[in-house]
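Novice: The sequence isn't on hand, but the structure is:
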């Protein structure tokens, strides 16, 4: 068994990579995850902003459809009631999605914070990426 070790020449022993190469590999791994998290955050924020605009428009249309007379619901046509019910159902679906997006954004922000605190080597690169206009909560 020891013959195996004794046969090895001094220049054939195990050599570890340089510290710089290890650091670059670590940086590369963490930055790919960081870029993905940042991209996901930007995408979720964009979707949330668009959905909020569409929900506001839908609510405004629903209010206009419902009328402003206090007893208008008593004389409203059945077709108008169905249309209002459909609007309400779509608004509720949109609000559920908005709540999901808000939760997802909070979770992604937590993941980003965990990356920045646990892998400080990614701080410099991430600071440059998040300094832009998409750094909104």
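Specialist: Received the coordinates, thanks. Computed from a prediction, not measured in an experiment: that's the story for all the values here. Numbers count the residues shown, from 1 in each chain.

Novice: and residue 61, what helix or strand is that in?
Specialist: Using DSSP states H and E, the element containing residue 61 is helix 19-66.

Novice: How much space separates residue 52 from residue 36?
Specialist: Using C-beta to C-beta, to the nearest Å, residue 52 is found at 25 Å from residue 36. C-beta coordinates here come from the backbone N, C-alpha and C atoms, glycine included.

Novice: whoops, residue 115 was the one
Specialist: Distance, residue 115 to residue 36, using C-beta to C-beta: 10 Å.

Novice: Quick check on these two: which one has the bigger neighbour count.
Specialist: residue 115 (19 against 12; other C-beta atoms under 10 Å).

Novice: tell me which element the more buried one falls in.
Specialist: helix 78-118.

Novice: Just give me how far that helix sits from the chain centre.
Specialist: 13 Å (C-alpha atoms, centre = their mean, to the nearest Å).

Novice: angle of that helix against helix 19-66?
Specialist: In terms of direction (axes from the mean of the first three to the mean of the last three C-alpha atoms, to 10 degrees), helix 78-118 departs from helix 19-66 by 160 degrees.

Novice: list the helices and strands helix 78-118 packs on?
Specialist: The contact analysis (3 or more C-beta pairs under 8 Å, 6 or more residues apart in numbering; DSSP states H and E) places helix 78-118 against helix 19-66, helix 123-130.

Novice: what residue is smack in the middle of this protein?
Specialist: Centrality entry for the chain: nearest residue to the mean C-alpha point is residue 41, 3.1 Å, by C-alpha atoms, centre = their mean.

Novice: Any regions of the chain where pLDDT drops low?
Specialist: Along the chain, segments meeting pLDDT under 70 span 1-13, 69, 73-74, 121-137.

Novice: before we move on, the earlier item: between the helices and strands packed on helix 78-118, which gets nearest to residue 111?
Specialist: Of all the helices and strands packed on helix 78-118, it is helix 19-66 that lies closest to residue 111, at 5.4 Å by C-beta to C-beta.
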